[in-house]
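Chemist: Got a predicted structure plus its sequence, pasted below:
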Amino acid sequence: MSPRAACRLETLGFQQVYDYVTGKADWLARGLPTEGERAGERRVGEVARQDVVTCLRSERLGDVQPRVEASPYGFALVVADGDVLLGRLRRAALQGDPEGTAEPAMEPGPSTVRIDMARDKLAERLDKGGYKTAVVTNPEGVLVGIARREDLAGE
Amino acid sequence: MPRAALYEEVRELLDDGAQLIEVLPEAEYAELHLAGARNIPLKRLDAETTADLDPARPVVVYCHDAL
């Protein structure tokens, strides 16, 4: 729809016309400000926790394991430069050779949710699957944090 | 030809004073729209409805997404 609108504006004499191709979906997924009747809807990005352990794919398991043990969660998330999410290291995977690195031990491409997801929808999804945690990313796949079921309570 | 723009470019355009227009129907705009956007539905996009846009400034249009 917006490409047609952009062309229409040009025919009306506007010479600097841009089509924001990813539009409203992209804006919402970035957690940017909105207006309107649904603007106050409570979204996952507001409760994302940033205290999850992260590591690079080249890090030694022996270095990651104590950080996970000290954290409230039983896993670490493996990220590339720029915090792009690559995978997840569960506690069991960290029990292997401490000289091994994160990449071969990780589960690649873990499921994620976007920061603009309504909290009640995520609560419903977690309950349905019997999960307690969701990994939250932005449209570029950059890790935002994790959302815990208890943080969605009452939604 | 209009230029396709991704978020980073849109951000710069808006910071520089571009006009932001949602072209979805009125009901969808009323429900939720980008902060600062105004609504001119595609079906009503004509010389009259765009008369108060400034032709000297960039105009950024959007709908839900490219699909």
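Modeler: On my side now, so go ahead.

Chemist: backbone phi and psi for the one residue in chain B that gets nearest to chain A, please?
Modeler: In chain B, the residue that lies nearest chain A is B:Pro2 (3.4 Å; C-beta to the nearest C-beta). Quick note: C-beta positions are derived from backbone N, CA and C, even for glycine. Its backbone dihedrals place B:Pro2 at phi -60, psi 150, with angles given as degrees, to the nearest 10.

Chemist: ditto for A:Ala105
Modeler: Taking degrees, to the nearest 10 as the convention, A:Ala105 sits at phi -90, psi -10.

Chemist: Report how many residues lie close to it.
Modeler: One way to gauge burial is a neighbour count; for A:Ala105, by other C-beta atoms under 10 Å in any protein chain shown, it gives 20.

Chemist: can I assume it is in contact with A:Ala93?
Modeler: Yes: at 4.4 Å, A:Ala105 and A:Ala93 qualify as touching, with contact defined as C-beta atoms under 8 Å.

Chemist: Isn't A:Glu140 up against A:Val84?
Modeler: Yes: the pair formed by A:Glu140 and A:Val84 meets the contact definition of C-beta under 8 Å, at 7.0 Å.

Chemist: Okay, strands next: where are they in chain B?
Modeler: Listed in chain order, the strands of chain B (DSSP state E) span B:3-5, B:19-22, B:33-34, B:38-39, B:59-62.

Chemist: Including distance to A:Val17, mean neighbour count and mean pLDDT, could those go into TSV?
Modeler: Output for these, formatted as TSV (distance: least, C-beta to C-beta, whole Å; neighbours: other C-beta atoms under 10 Å in any protein chain shown; pLDDT from 0 to 100):
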stretch	distance to A:Val17	mean neighbour count	mean pLDDT
strand B:3-5	7	17	94
strand B:19-22	10	23	98
strand B:33-34	17	24	96
strand B:38-39	15	14	98
strand B:59-62	5	28	97
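
Chemist: Out of those strands, which gets nearest to A:Gly130?
Modeler: Each of these was scored for nearness to A:Gly130 using C-beta to C-beta, and the closest is strand B:33-34 (36.3 Å).

Chemist: For the residue of chain B closest to chain A, which non-adjacent residue is closest in space?
Modeler: A:Ala6 (3.4 Å; C-beta to C-beta, 6 or more residues apart in numbering or on different chains).

Chemist: got it, and A:Val144?
Modeler: For A:Val144, ignoring the flanking residues on the chain, the nearest one in space by C-beta to C-beta, 6+ apart is A:Val136 at 4.3 Å.

Chemist: hang on, the earlier thing: what would the strands of chain B look like in JSON lines with distance to A:Leu28?
Modeler: Listed next are the strands of chain B as JSON lines, based on distance: least, C-beta to C-beta, whole Å:
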{"stretch": "strand B:3-5", "distance to A:Leu28": "17"}
{"stretch": "strand B:19-22", "distance to A:Leu28": "13"}
{"stretch": "strand B:33-34", "distance to A:Leu28": "9"}
{"stretch": "strand B:38-39", "distance to A:Leu28": "17"}
{"stretch": "strand B:59-62", "distance to A:Leu28": "11"}
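
Chemist: mind listing what's buried in stretch A:84-97?
Modeler: Using 16 or more other C-beta atoms under 10 Å in any protein chain shown as the burial criterion, the residues of stretch A:84-97 that qualify are A:Leu85, A:Leu86, A:Gly87, A:Arg88, A:Leu89, A:Ala93, A:Leu94.
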